[in-house]
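>>> Below is the sequence, then the predicted model.
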Amino acid sequence: MKRTKVRDILSGENTDYDVVVKGWVRSFRNNQFIALNDGSCMATIQVVIGLDTDEAILKRITTGASLSVKGKVIASLGRGQKFEISAESFEILGDCDNEKYPLQLKNRPSLEYLREIAHLRFRTNTFGAVFRVRHTLAFAVHKFFNDRGFVYLHTPIITASDAEGAGEMFHVSTLSPENPPKLENGGIDYAQDFFGRCTNLTVSGQLEAELGAMALSEVYTFGPTFRAENSNTPRHLAEFWMIEPEVAFNDIYDNMDLAEDFIRYVIGYTLEHCKEDIEFLAQRLADEEKQKPTADRSELGLKEKLEFVMNNKFERITYTDAINILLESPAYKKKKFQYEVKWGIDLQSEHERYLVEKHFKKPVIVTGYPKDIKAFYMRMNDDGKTVAAMDILAPGIGEIVGGSQREERLDKLVQRMEEMHIPTDEMYWYLDTRKFGTVPHAGFGLGFERMVLFVTGMTNIRDVIPFPRTPKNAEF
Ligand code: 4AD
Ligand code: MG
């Protein structure tokens with residue numbers, strides 16, 4: 001007989017039919033009632049086994065053990081569940097030694113502890129919910145773009161360019177690290193390396209996405225991105241996933257509209273398709289909030305926050321407005337900010353959070369950043385000082401999206417690249433798009449894990465990617 005998923009049984013209406021279910025024991029009580037979970041949903045199904053079960057077998061039904069159960073789905077006699085399975089027979093697929101099993105679900109393990117056993121944490125309710133939500137968000141991303149006629153473009157993971165110009169790259173090389181071939185001047189001879197040049201893991205698929213957009217009009221990438229920035233924060237990963245749409249003929253305003261529609265859509269889709277998981281995560285967050293001092297508690301619960309974002313337009317301000325708001329703020333006047341505030345600074349996390357959480361109390365799109373703190377490809381505004389950049393700041397997260405209208409004017413782009421020491425000869429392919437039928441275009445990058453953080457209400461980015469890669473950590 002084929003296996004039936006717990007989710008299908010629990011979401012159905014029927015009773016009195018035979019099934020085979022397989023899963024892991026979450027709990028076992030009174031030598032009779034097994035709560036079995038197979039990950040297809042948050043809930044467990046109650047399996048009722050015969051009172052005549054052998055003593056030696058009963059001992060092997062422990063938390064974490066895996067079972068295959070054959071039986072009948074019946075209306076549950078007990079409270080708390082609609083259906084249960086009356087077992088005709090069952091088989092223990094894998095024993096679980098509870099003396100050594102690091103997951104004792106009775107006392108809720110801390111998230112820090114679970115990070116150390118990330119290979120097993122999928123088995124907890126919290127991580128089951130987080131990774132089902134993550135999956136649903138990823139699916140919603142593809143659905144959003146597919147429904148709008150975008151082409152999913154797979155941009156390379158290994159590249160020779162540094163799209164963001166920040167120099168935060170992991171090198172990719174097959175040369176011997178101890179004894180690489182040398183040039184006469186002592187430098188490494190990358191001509192002898194695998195690709196015949198110095199290569200690295202990509203920090204963004206944008207530049208290649210732009211090439212695609214110059215023919216396909218609307219493309220997006222959704223892939224892994226690597227940054228060797230030494231930021232040990234709850235918002236940074238060395239390996240994260242980024243979604244980057246790139247659209248020909250769009251200006252910065254179209255870009256903002258697209259980003260807002262996109263964020264609302266994926267949240268809405270997930271609220272609709274992950275009700276039970278979001279419900280659970282909302283309760284988890286509410287419990288966590290109760291531990292905090294009253295002043296630090298957030299005003300909205302998880303679901304209310306998500307619904308609020310769905311139903312309200314994002315605030316749109318310029319960078320110059322943002323700086324003025326910060327300078328006028330009580331926080332600034334009371335010297336609460338750690339970092340300096342003046343026109344020209346890169347907004348720090350504390351500034352972003354003040355704008356979003358204290359001042360506007362909703363997501364904010366900031367445009368018109370000073371050219372000196374942004375990448376070379378952003379379109380120069382007429383003032384010659386600011387560029388057509390846009391960052392979206394979200395409550396509890398800070399920057400969730402970074403994007404811009406691109407510089408489509410060849411002379412201005414070359415000038416900017418020269419000023420910023422970006423090699424124009426090596427990047428001839430990028431400049432070619434500006435020579436052959438250039439058009440205004442725009443795009444953005446959304447950090448997928450930051451989106452998952454936002455939707456799950458989790459607070460550390462290490463808890464929303466299965467196996468986090470952070471400075472000094474590449475376990476599992
Ligand atoms: O603002 P960023 O650096 O923008 C780009 O890479 C552009 N090329 C995007 C584009 O226009 N196509 O990164 C985009 C987003 C950030 O807003 C943030 O959400 C996320 O990527 N991000 C990170 N997420 C996790 N860990 C990190 N180290 C991240 N760095 C950026
Ligand atoms: Mg950015």
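Arrived safely, thanks for sending. Numbers count the residues shown, from 1 in each chain. Ligands and ions are numbered 1, 2, ... in the order given.
>>> Going by C-alpha atoms from here, please, whenever you check contacts or count neighbours.
Noted.
>>> any idea how far the residue nearest to Leu410 when sequence neighbours are not counted lies from ligand 1?
Leaving out its chain neighbours, the residue that sits closest to Leu410 by Cα to Cα, 6 or more residues apart in numbering is Arg434, at 5.4 Å. For Arg434, the distance to ligand 1 (Cα to the nearest ligand atom, to the nearest Å) stands at 17 Å.
>>> what pLDDT does Arg434 get?
Here, the pLDDT recorded for Arg434 equals 98.
>>> give me phi/psi at the nearest residue to Ala191 once chain neighbours are set aside?
Nearest residue to Ala191 in three dimensions, chain neighbours excluded: Arg197, at 5.2 Å (Cα to Cα, 6+ apart). Arg197 has phi and psi values of phi -160, psi 170 when expressed as degrees, to the nearest 10.
>>> Settle this for me: Arg197 is touching Thr174, isn't it.
No: Arg197 lies out of contact with Thr174 (Cα atoms under 8 Å); the separation is 11.1 Å.
>>> Could you list the buried residues of the helix or strand containing Asp8?
Assigned by DSSP states H and E, Asp8 belongs to helix 6-11. Neighbour-count burial for helix 6-11 flags Val6, Arg7, Ile9, Leu10 (criterion: 16 or more other Cα atoms under 10 Å).
>>> Now render the residues you listed as a markdown table, adding pLDDT and distance to ligand 1.
Shown next, in a markdown table, are the buried residues of helix 6-11 (pLDDT from 0 to 100; distance: Cα to the nearest ligand atom, whole Å):
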| residue | pLDDT | distance to ligand 1 |
| --- | --- | --- |
| Val6 | 98 | 34 |
| Arg7 | 97 | 32 |
| Ile9 | 97 | 38 |
| Leu10 | 95 | 36 |
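>>> thought Asp251 was touching Glu408?
No: here Asp251 does not reach Glu408: they are 10.9 Å apart, not a contact under Cα under 8 Å.
>>> Same drill for these two, tell me which one is more crowded.
Glu408 (22 against 18; other Cα atoms under 10 Å).
>>> what's near enough to touch that one?
Counting by Cα atoms under 8 Å, 6 or more residues apart in numbering, Glu408 makes contact with Arg379, Arg434, Thr438, Val439, Pro440, His441.
>>> What is the neighbour count of the second one?
Think Arg434. Arg434 has 18 nearby residues by other Cα under 10 Å.
>>> Relative to Leu211, how far out is it?
Arg434 sits 10 Å away from Leu211, going by Cα to Cα, to the nearest Å.
>>> ok, Glu418 touching Thr424?
Yes: assessed by Cα under 8 Å, Glu418 is found in contact with Thr424 at 7.3 Å.
>>> Close to ligand 1: what parts of the stretch 351-476 of the chain are there?
Glu399, Ile400, Val401, Gly402, Gly403, Ser404, Gly443, Phe444, Gly445, Leu446, Gly447, Arg450 (Cα under 6 Å from any ligand atom).
>>> Farthest-apart pair in these, please.
Ser404 and Arg450 (18.9 Å; Cα to Cα).
>>> can you map out the strands along the stretch 51-200 of the chain?
Secondary structure of the stretch 51-200 of the chain (DSSP state E, counting those that start in this stretch): strands at 66-75, 83-94, 151-152, 158-159, 171-172, 199-201.
>>> Now tabulate the ones you listed in CSV and tack on distance to Phe222 and mean neighbour count.
Shown next, in CSV, are the strands of the stretch 51-200 of the chain (distance: least, Cα to Cα, whole Å; neighbours: other Cα atoms under 10 Å):
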stretch, distance to Phe222, mean neighbour count
strand 66-75, 35, 20
strand 83-94, 37, 18
strand 151-152, 8, 18
strand 158-159, 15, 17
strand 171-172, 21, 16
strand 199-201, 15, 21
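>>> wait, which of these is closest to Thr367?
Among the strands of the stretch 51-200 of the chain, strand 151-152 comes nearest to Thr367, with 26.9 Å by Cα to Cα.
>>> hmm, who's touching that closest one?
Phe145, Leu216, Glu218, Val219, Tyr220, Thr221, Phe222.
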